[in-house]
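K.L.:
Pasting a predicted model and its sequence here:
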Amino acid sequence: MRAALLKNLHREDLNQYEEAAATLRLVALTLGMDEDTARARMYAAARGTSTEDRDVLEQLFAAASLGSWQSFTTNKLRVLRYPEVIVQAMQAGLHYSIAAVIAAAPDAHQAELLVLALGGAGYREVNARRAALEARPTPLKVDPTRVTEVGKRIGSVKWLGTLDDKAQKDLQSWLNRMPDSVRKAMNLPD
């Protein structure tokens, strides 16, 4: 199995996904564990949180002429977690650097970016389009008139003074249930 993986890794027509999958299988075989555990151990070694596998990885990648295991872990291993449509595009020839830009984009933008890339756009063009898509303001999903009116009322000390004890407790209870995302957006303390 090891010999077959090494032979496969040195094929001319190997795409980035196949290379990452075969390399991970080889690492898993060498370390004597399943692929998910091997992936986790490679990430831990690359972060420096675990040093037990570093020597084995250095020797394996050098002996197999696979380049740097750190570079592989940082740049290529993640392709195995890409959405299936991006993996299929890579298997059809999409370069992994462009695939990385698409995979890092929000799910809602990936299809548009993939169409752009498959239409011949290069890395810079796809990356620029991603930045433009992510810079778009989010359409309002709240009624601005209602929010403004609530803000005016709550912001009025005079109005707050007209509330009886029950209304004040209810208002405080309502404020305490404020979602964290809203609290953070308003820069309010926890």
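P.N.:
Sure thing, it's come through.

K.L.:
Show me how the protein divides into domains.
P.N.:
2-79, 83-135, 144-185 (automatic domain parsing).

K.L.:
Throw these into CSV and include mean pLDDT and mean neighbour count, thanks.
P.N.:
From N, CA and C alone the C-beta is placed, and that goes for glycine too. Listed next are the domains of the chain as CSV, based on pLDDT from 0 to 100; neighbours: other CB atoms under 10 Å:
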stretch, mean pLDDT, mean neighbour count
domain 2-79, 88, 16
domain 83-135, 93, 16
domain 144-185, 89, 10
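
K.L.:
how much space is there between residue 73 and residue 41?
P.N.:
10 Å (CB to CB, to the nearest Å).

K.L.:
residues touching the residue sitting nearest the centre point of the chain, list them.
P.N.:
The centroid of the chain falls nearest to residue 104 when counting by CA atoms, centre = their mean (5.1 Å). Counting by CB atoms under 8 Å, 6 or more residues apart in numbering, residue 104 makes contact with residue 130.

K.L.:
can you give me the helices for this structure?
P.N.:
Assigned by DSSP state H, the helices in the chain fall at 2-9, 16-31, 35-47, 54-63, 69-71, 84-91, 96-104, 107-118, 123-135, 144-154, 157-160, 165-176, 180-185.
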